[in-house]
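[1] Got a sequence here, can you model it:
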Amino acid sequence: MSGGLLPGPTPSAAQLRRARSVRRALERELDRVREVAVAWRNGLGAILAGLVGFSLIKGRSDVGQLAPGWSTAAGLLLLAALCVGGAGALCLLRAAHGRPYARWLSEADDASGRPLEVQDHDEALASARFLHTGLVLTCLCTTLLVSAVGVTWYAPAKSPPGLMVRQGATSLCGEVVSARRGTVVLKVDGVTTTVNLSQADSVTPVASCPGPAPAATG
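    The predicted structure follows:
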């Protein structure tokens with residue numbers, strides 16, 4: 001028996017039409033993926049620019065007004081949104097424009113390298129994967145950004161600076177509501193109290209008043 005190749009069966013007209021359509025689809029595959037990636041990139045960029053630029057999602061301008069733990073959470077969410085958004089933008093750019101490289105073709109590539117059609121097909125598949133990853137990361141970036149804004153809106157504010165007034169064995173600490181000559185009005189645990197400063201032993205500004213002492217249990 002000889003090991004040569006034998007001709008296969010004659011293809012039908014339907015098989016020839018399908019082969020031609022598949023070839024045409026493969027020739028335009030990479031261009032179609034790139035066009036879709038560019039459209040998604042532009043659309044998502046416009047949406048994010050509109051949300052941020054027109055203040056549709058905007059919280060407090062100063063996260064330092066939040067309680068210490070909440071301000072840290074808002075900062076971490078914003079940092080995560082920045083990192084995820086940057087990664088998503090790079091994935092969308094990779095899908096829309098490909099890798100920034102050039103390749104020299106030689107006769108050795110024609111003899112032993114992969115056909116250019118196969119390389120274009122692989123690049124189309126890779127661009128589609130980067131497009132999907134970029135979409136997921138962009139949606140995640142938007143979620144993190146909205147979460148950070150929600151924290152700045154609904155997180156408790158830090159305690160306002162107060163005034164510690166000591167009169168003998170009694171100490172009062174509260175937020176200054178108003179002050180007149182010789183007296184000051186403090187809000188202590190939600191109740192306003194007028195303090196005569198002429199009878200005070202010491203008056204000390206504090207960053208925040210200490211919390212109430214826990215009740216003794218026995």
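[2] Pass me the low-pLDDT residue ranges in the protein, would you?
    1-4, 15-16, 19, 22-27, 53-64, 101-116, 159-160, 210-218 (pLDDT under 70).
[3] let's see 50
    Scanning the chain for pLDDT under 50 picks out 1, 215-218.
[4] biggest strand in it by residues?
    strand 170-180 (DSSP state E).
[5] which is the next helix or strand following the lengthiest helix in the chain?
    In the chain, taking DSSP state H as the definition, the longest helix is helix 13-53. Going down the chain from helix 13-53, the next helix or strand is helix 68-97, by DSSP states H and E.
[6] Can you list the buried residues in that following helix?
    For helix 68-97, the neighbour count (16 or more other Cβ atoms under 10 Å) marks 70-71, 73-74, 77-78, 80-81, 84-85, 87-89, 91-96 as buried. Heads up, the C-betas are built off the backbone N, CA and C, glycines and all.
[7] what separates that helix from the chain centre, distance-wise?
    Between the centre of helix 68-97 and the centre of its chain there are 4 Å (Cα atoms, centre = their mean, to the nearest Å).
[8] now the angle from the longest helix of the chain to helix 68-97?
    140 degrees (axes from the mean of the first three to the mean of the last three Cα atoms, to 10 degrees).
[9] Kindly spell out which helices and strands sit in contact with helix 13-53.
    helix 68-97, helix 116-154 (3 or more Cβ pairs under 8 Å, 6 or more residues apart in numbering; DSSP states H and E).
[10] who wins for proximity to Arg20 among those helices?
    helix 116-154 (14.3 Å; Cβ to Cβ).
[11] Check which residues of the closest one are buried.
    Buried residues in helix 116-154, counted by 16+ other Cβ under 10 Å: 121, 123-124, 126-128, 130-131, 133-135, 137-138, 140-142, 144-145, 148-149, 151-152.
[12] residue nearest the centroid of the protein?
    Geometric centre of the chain, nearest residue: Ala81, 1.8 Å, by Cα atoms, centre = their mean.
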